[in-house]
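Undergrad: Turn this into a structure:
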Amino acid sequence: MCVPAYAGTDASDCSNGCPSGYVCKLSGGQTQCVPAGRTADAGMPGDAAIDASMIDSSPHVDSSDGSLVEEDAPSLGTTNVSDGAQPDAPSASDGSGSADSPTEVSCNSNAGCSGSETCVNGLCTATSGLCSDTTQCITAGEACVNGICIPHCSASLPCPSGYGCDFNRGVCSLNPSPCTGSGAANCQGGSTCVESRCVAPCATGDSGAACPAGQVCVNGGCIPNEAAQFTWNDGQSGALATSCDSTQICLHHDCYTACSTDPDAANTCGDASDGCKQVTVAAGTYDVCGSASSLGSDCDLAAGKSCSSGVCIDGYCR
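TA: Residues are numbered from 1 along each chain as shown. Model prediction:
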């Protein structure tokens, strides 16, 4: 489109102002006097009318698109005149305004979890979150059986409702009345199905659901606290282990006194029930004082090391 020159200048120079009815406009990297109200040229959708007094005497070119950038000009706003959009605002579809949060997946059996996850206390748990040894069990006296914390048992120490005692191994790993689904439909005597076991329902009171000591309420029923707790850093001592002192080494997330398996070395394990033993974890092999019934290196489901036969109990295949 042809536009009139003004004040003895060519059409690309309106630094001396424009006649009445015209405004100074930036188009194609040049300033021109154009009729007031004229829209941007086709192909130049970002141009906007400007007053001559806003023109910098030393403009520079933006290398991204070759347009003239007025560094000292008053702000003209960020709205795109062609569609009214705010170009600097994040798109609602790109999720840039929020971060994804990990989601806990509820379950009532291993079948409700994906891949190699295990249903622990009603939540799908990755292999790395399973227990390796009794020292990781939240409830004292429980054993780590195939990555799950369950109670010990004997003829004089019965198992909780829904659990049967494996007397050969001394753990409550048997299931006397397997069930499917959830709720009381597939169970008898008022019990309810939780993780394929018919267990006692949670009691209700002013403080909410309640279970006997050492048990937790999961999906309406009371089960032993199956979860592991991780507090220390395996293979470390002192401050690097978080809680161990300088004479101890963290294994299976608990602190053990370092010792020597050399038969000529002095016995540094004070407790008569403990002996100096070698324990292998992902970080390496360490000599520590430990009982014969724990800290085994045969298996560790949390590290992907299972038994070819038998049951993994506190690191031993039994």
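Undergrad: How many residues are close by residue 190?
TA: Close neighbours of residue 190, defined as other CB atoms under 10 Å, add up to 9. No exception for glycine: its C-beta is placed from N, CA and C like everyone else's.
Undergrad: That one: what's it in contact with?
TA: By CB atoms under 8 Å, 6 or more residues apart in numbering, the residues touching residue 190 are 184, 201.
Undergrad: swap in residue 256?
TA: By CB under 8 Å, 6+ apart, the neighbours of residue 256 are 248, 249, 250, 279, 288, 289, 290, 295.
Undergrad: rerun that using 10 Å as the cut-off
TA: 135, 237, 244, 247-250, 269, 274, 277, 279, 286-290, 294-295 (CB atoms under 10 Å, 6 or more residues apart in numbering).
Undergrad: and if you look at residue 216?
TA: Neighbours of residue 216 in contact, by CB under 10 Å, 6+ apart: 121, 122, 138, 139, 202, 209, 222, 223, 224, 225, 226, 227.
Undergrad: Pull up the gap between it and residue 172, please.
TA: Separation of residue 216 from residue 172 (CB to CB, to the nearest Å) stands at 15 Å.
Undergrad: ok so, going back, redo the contacts of residue 216 as CSV? Include neighbour count.
TA: Converted to CSV, the contacts of residue 216 look like this (neighbours: other CB atoms under 10 Å):
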residue, neighbour count
121, 20
122, 22
138, 16
139, 16
202, 21
209, 15
222, 24
223, 24
224, 26
225, 20
226, 27
227, 19
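Undergrad: And for residue 186, the neighbour number?
TA: Neighbour count of residue 186, defined by other CB under 10 Å: 16.
Undergrad: same deal with residue 283?
TA: Per other CB under 10 Å, the neighbour tally for residue 283 reads 13.
Undergrad: Distance check, it against residue 248.
TA: 14 Å.
Undergrad: same check, this time on residue 204
TA: When distance is defined by CB to CB, residue 204 is 44 Å away from residue 248.
Undergrad: Comparing these two, which residue is more hemmed in?
TA: Using other CB under 10 Å, the more surrounded residue of residue 204 and residue 248 is residue 248, with 20 against 10.
Undergrad: So what sits opposite residue 150 in the bridge?
TA: For residue 150, the beta-bridge partners are residue 143 (DSSP bridges).
Undergrad: quick one: contacts for it?
TA: For residue 150, the contacting residues are 131, 137, 139, 142-144, 159-160, 163, 166, 171-173, 223-226, 313, by CB under 10 Å, 6+ apart.
Undergrad: now do 8 Å
TA: Residues in contact with residue 150 (CB under 8 Å, 6+ apart) are 142, 143, 163, 171, 172, 173, 224, 226.
Undergrad: Let me know how buried the closest residue to the third one other than its chain neighbours is, in neighbour terms.
TA: This points to residue 163. Distances taken as CB to CB, 6 or more residues apart in numbering place residue 172 nearest to residue 163, at 4.0 Å, with adjacent residues excluded. The local packing of residue 172 (other CB under 10 Å) involves 23 other residues.
Undergrad: show me where pLDDT drops low in the stretch 201-318 of the chain?
TA: The stretch 201-318 of the chain contains residues with pLDDT under 70 at 206-208, 231-235, 238-242, 253, 266-267, 270-273.
Undergrad: now with 80?
TA: Scanning the stretch 201-318 of the chain for pLDDT under 80 picks out 205-209, 230-244, 252-254, 263-268, 270-274, 281-282, 291-294.
Undergrad: Just the strands from it, written as ranges.
TA: 203-205, 208-210, 215-218, 221-224, 248-251, 254-257, 275-281, 284-290, 312-313, 316-317 (DSSP state E, counting those that start in this stretch).
Undergrad: number of nearby residues for residue 193?
TA: The burial count for residue 193: 25, using other CB under 10 Å.
Undergrad: where does it land in three-state SS?
TA: Classification of residue 193 by DSSP: H, G, I helix; E, B strand; the rest coil places it in strand.
Undergrad: Was I right to think it contacts residue 182?
TA: Yes: using CB atoms under 8 Å, residue 193 is in contact with residue 182, at 5.4 Å.
Undergrad: Closest one to residue 309 out of the contacts of residue 150, please.
TA: Nearest to residue 309, judged by CB to CB, of the contacts of residue 150 is residue 173 at 15.2 Å.
Undergrad: what does the helix or strand hosting the closest one rub up against?
TA: Per DSSP states H and E: residue 173 is located in strand 171-174. With contact meaning CB under 8 Å, 6+ apart, strand 171-174 is reached by 143, 145-146, 150-153, 159-160, 163-166, 224, 311, 313.
Undergrad: Give me the buried entries from those.
TA: Among the contacts of strand 171-174, those classed as buried by 16 or more other CB atoms under 10 Å are 143, 145-146, 150-153, 159-160, 163, 165-166, 224, 311, 313.
Undergrad: mind listing the helices for this protein?
TA: Assigned by DSSP state H, the helices in the chain number zero.
Undergrad: Show me how it divides into domains.
TA: Taking automatic domain parsing as the criterion, the chain consists of the domains 1-82, 110-224, 238-317.
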